[in-house]
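*Asks:* Next input, structure requested:
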Amino acid sequence: MYWRPHKTHSRKDMIELIKLFKLPIEDVEDMNKKQVTNALVAVLETIKTIVPDDYYYGIHSVNELKEHLIKPNQKKQLSIKDKNEVIRVSKLVIQFAKAGFNVNLSFFNTMDDVYSEARRVSQYGDIPSIRRMCQLLNKNPYTDERVYPVMSLKTQNDLRVKKVTSQKYWRSLTIKNEKIVVRFD
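*Replies:* Here you go, the predicted structure:
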């Protein structure tokens, strides 16, 4: 079967995959996109197994890696024009939330308009303003409807690591068996 990676996968993305899965391709940094693509296709046709990855992509086999490459790149689904439109909508929803969830003080006509637009753009959860929009919108006391961002596994893990590393202190209980002296003067 003849296959090619989708054109939305950049040279940098493919080099990242080659390094992550430890594929045997020499001097990959010196190749252009076409050469990297050809080398990647050739190697994936000859090898049987790869180093599984649970952290970034959740890929465990050569076939899963091929499927990932054939599909459009999850990070690059949007053109610049579309991404700006998505960010604009998220800013309007954020403004709605900051205005006390009052439709009259926002760009939207009804609460249904707010939530339909929020659901539409929530699929781009790798964009930080979308995550912020969902977080603020879920604090709406006037409805039980919740909108959650759809994020890639890599973004979820990066956010988890960021949260752990930014903690100021660790809560823990230490019990010591020592003699305690209390004096009243």
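*Asks:* I'd like the distance between residue 180 and residue 84.
*Replies:* 63 Å (CB to CB, to the nearest Å). In short, each C-beta sits where N, CA and C put it, glycine included.
*Asks:* Residue 153 contacts residue 68, doesn't it?
*Replies:* No. With contact defined as CB atoms under 8 Å, residue 153 and residue 68 do not form a contacting pair (11.3 Å).
*Asks:* dump the residue contacts of the residue nearest the centre of the chain.
*Replies:* Of all residues in the chain, the one closest to the mean position by CA atoms, centre = their mean is residue 155, 3.0 Å from it. With contact set as CB atoms under 8 Å, 6 or more residues apart in numbering, residue 155 has these partners: 125-126.
*Asks:* quick one: which helix or strand includes it?
*Replies:* Per DSSP states H and E, residue 155 falls inside helix 153-165.
*Asks:* re the thing from before, next, show the common contact partners of residue 153 and residue 68.
*Replies:* residue 57.
*Asks:* Would you map the strands across the chain?
*Replies:* For the chain, no strands are identified by DSSP state E.
*Asks:* Run through it and note the low-pLDDT ranges.
*Replies:* By pLDDT under 70, the low-scoring segments of the chain are 1, 76-77, 169-170.
*Asks:* what's the neighbour count on residue 10?
*Replies:* Neighbourhood size, residue 10 [other CB atoms under 10 Å]: 14.
*Asks:* same deal with the one 4 residues further on?
*Replies:* Per other CB under 10 Å, the neighbour tally for residue 14 reads 22.
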